[in-house]
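# Sequence first, predicted model second:
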2 protein chains.
Amino acid sequence: MEDDEVSNKQVVLKNYVIGSPKESDMEVRIIKMRLKISEGSNAVLVKNLYLSCDPYMAGRMRNPDSDHRSFVESFLPGSPIMGYGVAKVLESGHPNFKKGDLVWGITGWEEYSFITSPEALFKIEHSDVPLSYYTGILGMPGMTAYVGFYHICSPKKGERVFVSAASGAVGQLVGQFAKLMDCYVVGTAGSKAKVDLLKTKFGFDEAFNYKEEQDLEMALKRHFPEGIDIYFENVGGKMLDAVLLNSRIHSRIAVCGLISQYNLKQPESVHNLFSLIMKRIRVEGFIVSDHYDQYPKFLDMVLPLIREGKVTYVEDVAEGLERAPAALVGLFSGHNVGKQVVVVARE
Amino acid sequence: MEDDEVSNKQVVLKNYVIGSPKESDMEVRIIKMRLKISEGSNAVLVKNLYLSCDPYMAGRMRNPDSDHRSFVESFLPGSPIMGYGVAKVLESGHPNFKKGDLVWGITGWEEYSFITSPEALFKIEHSDVPLSYYTGILGMPGMTAYVGFYHICSPKKGERVFVSAASGAVGQLVGQFAKLMDCYVVGTAGSKAKVDLLKTKFGFDEAFNYKEEQDLEMALKRHFPEGIDIYFENVGGKMLDAVLLNSRIHSRIAVCGLISQYNLKQPESVHNLFSLIMKRIRVEGFIVSDHYDQYPKFLDMVLPLIREGKVTYVEDVAEGLERAPAALVGLFSGHNVGKQVVVVARE
Ligand SMILES: NC(=O)c1ccc[n+]([C@@H]2O[C@H](COP(=O)([O-])OP(=O)(O)OC[C@H]3O[C@@H](n4cnc5c(N)ncnc54)[C@H](OP(=O)(O)O)[C@@H]3O)[C@@H](O)[C@H]2O)c1
Ligand SMILES: NC(=O)c1ccc[n+]([C@@H]2O[C@H](COP(=O)([O-])OP(=O)(O)OC[C@H]3O[C@@H](n4cnc5c(N)ncnc54)[C@H](OP(=O)(O)O)[C@@H]3O)[C@@H](O)[C@H]2O)c1
């Protein structure tokens, strides 16, 4: 090994995924690389600290020619998985960054990454909070909850709010934001432990395990005898159909995610669209990255809430890159409790 | 027959309807009534001139206990059908109306009606235009096109607009409004004659017969190579699914009606909701009567357009109450060409 050569552990996509991603679709390998930016490049070289497992990544694992359900281009088989992460700058060819800076943004699932478009990185200015938060509450999922709830849902004080995948990276925050507006908030999740968490830790008024309900329409009627004003949609499928039947007049549905549908060959169908007219419902999809210009405003709001303990955040931390494939795959069976993070290195 | 007694021909609902309404679900009968308002009542007594056949009326013909797809309460079997119409006041117990006034609003499918809540009637102030227009372009369907297009669709000059059931009471106007905003407008309808009408009479840029397309997704791709900005949804079902796959980023779908679904036992399903997120689509249902406060503003806009010939309106006129059941039923097979009106009397 030459002087400035290091070994770089990577998680690589082996082949395009069909159906749900499996651990065996990825592999860990070690390559050698030089920790050096080439002369004149404006890339930055980073050491990855925390990586984020996000549901949309399954879409990037599929063959783009046979599947059109991804927001962004597919990963290249044989190359490292890419995703959000927190990293430390080791060397910078870009005027905005210098050695030692902490950043969050899209990086590789590996120990060291060259980031060739560093303009898209966010510099981390506040490190009195856990650094890993920049994969969650202070990163993309936090912004998603913020934009989705405050902008897309147009919430009013005291409204009745329903959140699916409510204990996850986005959902736990949506529920807490809604409680800060004195809303009545009900969440659903896929295990007893998560349901308890919703009520005891995140302050949801009510919560239920959707897997134990025979009839989702009835479950919602029980929890919302007067109907739902706001549905923060993370899952899709049958839950959306049940919500449509329990919506109040002028209710809003923010379509953040449809995780129950991502890995199906054919998406399930929704039937109860007549409610859209009957209840004058507004349904709106959004993608968080359209709204990143609001990140500073978001931080101004959420950092004090974290520091004062008015908002809490639960992470599910996997130690080491080797655990990353299982952590990512686990999102689709609800294995994660809270935001799924992978620690590559702590500093 | 006493002096002030007249015979009153009525169209009556025989029994609750299952599936699509049929002519035999209604019957014409003649009753005797006194053309007199009882002392102290604030009802008005009207002579009905023009009646409107509207798709939502099918919902009112169903048993409310077994079907929840109606905006308004069901008709009473044995009683006359109710619906929008144009009428002349014969006698008034209400201070806002006097003998000879022309009005439009909800009345009965009969020659003479007592209207017990005349507050909901609109007084007709402009009669230099055909009176029957107050069942269409100057009545509920006109307001629907106005509210749906200008308010719900948030149109911008030059956008790409698609309208289904485009030659109907609402659709023909939506297309013309869109052309007034220099939009590229494509409509679909169920016959060659209607398709021709769209292009030659209403100025749509393109039109096609949806019944002749094997693949609606491809038909839309052909007409909207760059995708759809605005979909004015009148039909639902497969068309909505095809639109979702052809939507542009930040497109809007105004859900006005789902006529293809009204008479199905189980509504068809829609699959392509993932587009809502990918394309950041806003879908919004609305009901015109929520917006009747804007009727005067609407008239200010549309009356000059009619008088100057900048907007045209096609009606399909059935002569006589006896023809009303067939006219109503015909909406669901596309029998009507333009706004379906029934003439009870011309003055
Ligand atoms: N639009 C955007 O810009 C944007 C940005 C970020 C995230 N999102 C979306 O937001 C949603 C939540 O993301 P997240 O990061 O907060 O993930 P997460 O909730 O932390 O993890 C995913 C969770 O989804 C639930 N789930 C998995 N499969 C399911 C199924 N078939 N039916 C119902 N629930 C299922 C599981 O929880 P249970 O135990 O409760 O089943 C799982 O823990 C996802 O749909 C994601 O794609 C969208
Ligand atoms: N939200 C509201 O407040 C509001 C108010 C008024 C009307 N609406 C809705 O707006 C829509 C249009 O109403 P309108 O008064 O203008 O009616 P219309 O278009 O004048 O008449 C109905 C037309 O719908 C088409 N149609 C019937 N069955 C169909 C099917 N299975 N698939 C596709 N098209 C079908 C037929 O035309 P083709 O020959 O083209 O098939 C028929 O002529 C309806 O859905 C109605 O319920 C809503």
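Perfect, thanks for sending it. Ligands and ions are numbered 1, 2, ... in the order given.

# Flag every residue of the stretch 1-150 of chain A that's near ligand 1.
Residues of the stretch 1-150 of chain A found near ligand 1 (CB under 6 Å from any ligand atom) are A:54-56, A:141, A:144. Where C-beta positions appear, they are placed from N, C-alpha and C, glycine not excepted.

# nearest to ligand 2, of the residues you listed?
Minimum distance to ligand 2 across those is 32.0 Å, recorded for residue A:144 (CB to the nearest ligand atom).

# Distance of the nearest residue to the closest one once chain neighbours are set aside relative to residue A:118?
Leaving aside its sequence neighbours, residue A:144 sits nearest to residue A:288 (CB to CB, 6 or more residues apart in numbering or on different chains; 4.3 Å). Using CB to CB, to the nearest Å, we find residue A:288 at a distance of 20 Å from residue A:118.

# And the residue of chain A found nearest ligand 2, how close does it get to chain B?
In chain A, the residue that lies nearest ligand 2 is residue A:277 (5.3 Å; CB to the nearest ligand atom). Taking CB to the nearest CB, to the nearest Å as the measure, residue A:277 falls 4 Å from chain B.

# Kindly report the same for residue A:308.
Applying CB to the nearest CB to residue A:308 and chain B gives a distance of 33 Å.

# In helices, which of the residues of the stretch 1-150 of chain A next to ligand 1 appear?
Mapping those onto helices (DSSP state H) picks out A:141, A:144.

# would you list the residues of the stretch 1-150 of chain A next to ligand 1 in TSV and tack on neighbour count?
Output for these, formatted as TSV (neighbours: other CB atoms under 10 Å in any protein chain shown):
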residue	neighbour count
A:54	22
A:55	21
A:56	19
A:141	26
A:144	26
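
# May I see the residues of the stretch 1-150 of chain A next to ligand 1 arranged in TSV, with distance to residue A:125 and pLDDT as well?
Shown next, in TSV, are these (distance: CB to CB, whole Å; pLDDT from 0 to 100):
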residue	distance to residue A:125	pLDDT
A:54	23	98
A:55	28	96
A:56	26	95
A:141	19	98
A:144	21	98
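
# Which single one of the residues of the stretch 1-150 of chain A next to ligand 1 is nearest to residue B:135?
residue A:144 (47.7 Å; CB to CB).

# That closest one touches residue A:254, doesn't it?
No - using CB atoms under 8 Å, residue A:144 is not in contact with residue A:254; the gap is 9.8 Å.

# what is in contact with the two at once?
Jointly contacting residue A:144 and residue A:254 under the rule CB atoms under 8 Å, 6 or more residues apart in numbering or on different chains is no residue at all.

# Just the pLDDT for residue A:140.
Note on residue A:140: pLDDT of 98.

# And it, how far from residue A:53?
In terms of CB to CB, residue A:140 sits 12 Å off from residue A:53.

# And residue A:332, by the same measure?
10 Å.

# who's more crowded, the two?
When residue A:332 and residue A:53 are compared for neighbours, residue A:53 comes out ahead with 26 against 18, by other CB atoms under 10 Å in any protein chain shown.

# which strands and helices sit next to the lengthiest strand in chain A?
Secondary structure of chain A per DSSP state E: the longest strand is strand A:82-92. Packed against strand A:82-92 by the contact rule (3 or more CB pairs under 8 Å, 6 or more residues apart in numbering or on different chains; DSSP states H and E) you find strand A:44-52, strand A:102-108, strand A:112-115.

# just the strands in the stretch 101-250 of chain A please.
A:102-108, A:112-115, A:122-123, A:160-163, A:184-189, A:206-209, A:228-233, A:247-255 (DSSP state E, counting those that start in this stretch).

# Buried deepest among the ones you listed, which one?
Each of these was scored by mean neighbour count; the highest is strand A:160-163, a mean of 29, by mean count of other CB atoms under 10 Å in any protein chain shown.

# What helices and strands are in contact with that strand?
Strand A:160-163 sits against helix A:171-180, strand A:184-189, strand A:228-233, with contacts defined as 3+ CB pairs under 8 Å, 6+ apart.

# Kindly reformat the ones you listed as JSON lines containing mean pLDDT.
Output for those, formatted as JSON lines (pLDDT from 0 to 100):
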{"stretch": "helix A:171-180", "mean pLDDT": "98"}
{"stretch": "strand A:184-189", "mean pLDDT": "98"}
{"stretch": "strand A:228-233", "mean pLDDT": "98"}
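
# JSON lines please, covering the ones you listed and showing distance to residue B:94.
JSON lines is the format used below for those (distance: least, CB to CB, whole Å):
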{"stretch": "helix A:171-180", "distance to residue B:94": "47"}
{"stretch": "strand A:184-189", "distance to residue B:94": "43"}
{"stretch": "strand A:228-233", "distance to residue B:94": "37"}
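
# would you turn these into a markdown table with distance to ligand 1?
Listed next are these as a markdown table, based on distance: least, CB to the nearest ligand atom, whole Å:
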| stretch | distance to ligand 1 |
| --- | --- |
| helix A:171-180 | 5 |
| strand A:184-189 | 4 |
| strand A:228-233 | 8 |
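
# nearest to residue B:219, of the ones you listed?
Closest among the helices and strands packed on strand A:160-163, using CB to CB: strand A:228-233, at 29.5 Å.

# ok, and what's touching that closest one?
Strand A:228-233 has contacts (CB under 8 Å, 6+ apart) with A:148-149, A:153, A:155-156, A:159-164, A:171, A:174, A:178, A:183, A:220, A:239-240, A:243, A:246-248, A:250-258.

# in its sheet, what does that strand sit against?
Note on strand A:228-233: by DSSP bridges, its sheet partners are strand A:160-163 (parallel), strand A:247-255 (parallel).

# OK, contacts around the closest residue to residue A:32 other than its chain neighbours?
With sequence-adjacent residues excluded and distances taken as CB to CB, 6+ apart, residue A:32 is closest to residue A:5, at 5.4 Å. Residue A:5 makes contacts with A:32-35, as judged by CB under 8 Å, 6+ apart.

# any idea of the pLDDT on residue A:5?
pLDDT, residue A:5: 90.

# near ligand 2, which residues of the stretch 101-250 of chain A show up?
Proximity of the stretch 101-250 of chain A to ligand 2, by CB under 6 Å from any ligand atom, involves no residues.

# Which residue does the stretch 101-250 of chain A have closest to chain B?
Residue nearest to chain B within the stretch 101-250 of chain A (CB to the nearest CB): residue A:236, separated by 6.5 Å.

# Is it correct that that residue is in contact with residue A:257?
Yes - Residue A:236 is in contact with residue A:257 according to CB under 8 Å; the separation is 7.5 Å.

# for the stretch 1-150 of chain A, what are the low-confidence residue spans?
Residue ranges of the stretch 1-150 of chain A with pLDDT under 70: A:1-3, A:67-71.

# List the contacts of residue A:249.
For residue A:249, the contacting residues are A:279-280, by CB under 8 Å, 6+ apart.

# Next up, phi/psi of the residue in the stretch 101-250 of chain A positioned nearest to ligand 1, please.
Minimum separation of the stretch 101-250 of chain A from ligand 1 (CB to the nearest ligand atom) falls at residue A:168, amounting to 1.7 Å. Torsion angles at residue A:168 (phi, psi; degrees, to the nearest 10) stand at phi -80, psi -170.
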